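**Q** Below: sequence and its predicted model.
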Amino acid sequence: MNRVALITGASRGIGRSIALAFARHGYSIGINFARSKDKAEAVAREIGSLGGKSLLLEADVSNSEQVKKMVGKVMGEWGKIDVLVNNAGITRDRTILKMSDEEWLETIQVNLTGAFWCLRECAKEMCRKKEGAILNISSIVGAKGSSGNANYVASKAGLMGLTKAAARELGRFNVRVNSLLPGFHRTDMGNRVWDKLFERVRSEHFLGKLTDLEEFAEFVCVVAEQKSVSGQVYNFDSRIL
Ligand code: NAD
């Protein structure tokens, strides 16, 4: 049976790897992207070369109208959404004393509010058919805190709270909601702090190595397919929370 996964921010980085992993598991993929159509098209071609189907979905997740249209487009094409991965995220790093209103608001708006818009719209469809999985990509700093990015930390902590609240509310509709912390990766986002943080972060991993991105993407699929797990937060590296 055809299964459908909608991945936000799927044009590059962690989202791209998650999209390809779900395609390898036989899902049709909704590839959400905000701006970089060429990169999203490249992901669609990769999915095609795996024998999979995909749909390009240009939408800013922080805009609820665009999110409604995006979910409507997936429903129009495939008639259902089995999995939502809330992966889209940004950083606007600044210390608290220097942080502008815009840097705070934009980060919360994309990382937390955007995830909520997507969760709410997809949950409406999932609850109707009494089946679905929602995965929220958070970060270890949302659990442990960090200096110089309180906006990002608060958005990621909020995402873990949203996961638990949604899991409680949606459980009776057989919709599972879990949160995944992906480790540290040299994506466009990770690259901005790589040189500054790499040695310290690696030393915190007691295996002495960072998370493998393909392994993490595969883990997202595995969690999505578990029928009896919800409301959980999974840290996917060798740092202890
Ligand atoms: P990235 O910057 O490479 O990719 C982020 C993706 O989100 C891009 O595709 C971007 O276009 C998309 N995006 C940003 N704003 C958007 C919007 N308004 N609407 C739709 N899409 C939007 O970053 P990444 O490292 O691949 O991060 C993916 C997720 O993993 C993020 O939520 C991030 O917070 C989280 N994360 C990353 C790391 C890491 O080490 N890279 C660590 C912990 C958590």
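**A** Nice, I can see it.
**Q** Please name the nearest non-neighbouring residue to the residue nearest to the spatial centre of the chain.
**A** Among the residues of the chain, the smallest C-alpha distance to the mean C-alpha position (C-alpha atoms, centre = their mean) belongs to Asn87, namely 1.8 Å. Nearest residue to Asn87 in three dimensions, chain neighbours excluded: Gly15, at 4.1 Å (C-beta to C-beta, 6 or more residues apart in numbering). Any C-beta I mention is one placed from the backbone N, CA and C, and that applies to glycine too.
**Q** and the one you found, how many neighbours?
**A** Residues near Gly15, counting by other C-beta atoms under 10 Å, number 26.
**Q** Does it touch Leu135 like I think?
**A** No: using C-beta atoms under 8 Å, Gly15 makes no contact with Leu135, being 11.4 Å away.
**Q** tell me, what's touching the two both at once?
**A** The contact sets of Gly15 and Leu135 overlap at Val85 (C-beta atoms under 8 Å, 6 or more residues apart in numbering).
**Q** chain center to stretch 88-96: distance?
**A** Stretch 88-96 has its average C-alpha position 16 Å from the chain's average C-alpha position, going by C-alpha atoms, centre = their mean, to the nearest Å.
**Q** which stretches of the chain form strands?
**A** Counting by DSSP state E, the chain has these strands, from start to end: 3-7, 27-33, 54-58, 83-86, 132-137, 175-181, 233-235.
**Q** Could you say which of these is packed most deeply?
**A** A comparison of the strands of the chain by mean neighbour count, using mean count of other C-beta atoms under 10 Å, puts strand 83-86 on top with a mean of 30.
**Q** So what are the sheet partners of that strand and their directions?
**A** Strand partners for strand 83-86, identified by DSSP bridges, are recorded as strand 3-7 (parallel), strand 132-137 (parallel).
**Q** anything in the last one near the ligand?
**A** Yes: counting by C-beta under 6 Å from any ligand atom, the ligand is contacted by strand 132-137 at Ile137.
**Q** cool, and stretch 234-241?
**A** No: remark: stretch 234-241 sits outside contact range of the ligand, by C-beta under 6 Å from any ligand atom, the gap being at least 9.4 Å.
**Q** My guess is Leu135 contacts Leu84. True?
**A** Yes: taking C-beta under 8 Å as the contact criterion, Leu135 and Leu84 are neighbours in contact, 7.2 Å apart.
**Q** Report the contact partners of Ile81.
**A** Taking C-beta under 8 Å, 6+ apart as the contact definition, Ile81 lies against 4-6, 30, 71, 74-75, 122, 125-126, 132.
**Q** change it to 7 Å
**A** Counting by C-beta atoms under 7 Å, 6 or more residues apart in numbering, Ile81 touches 4, 6, 74, 122, 125-126, 132.
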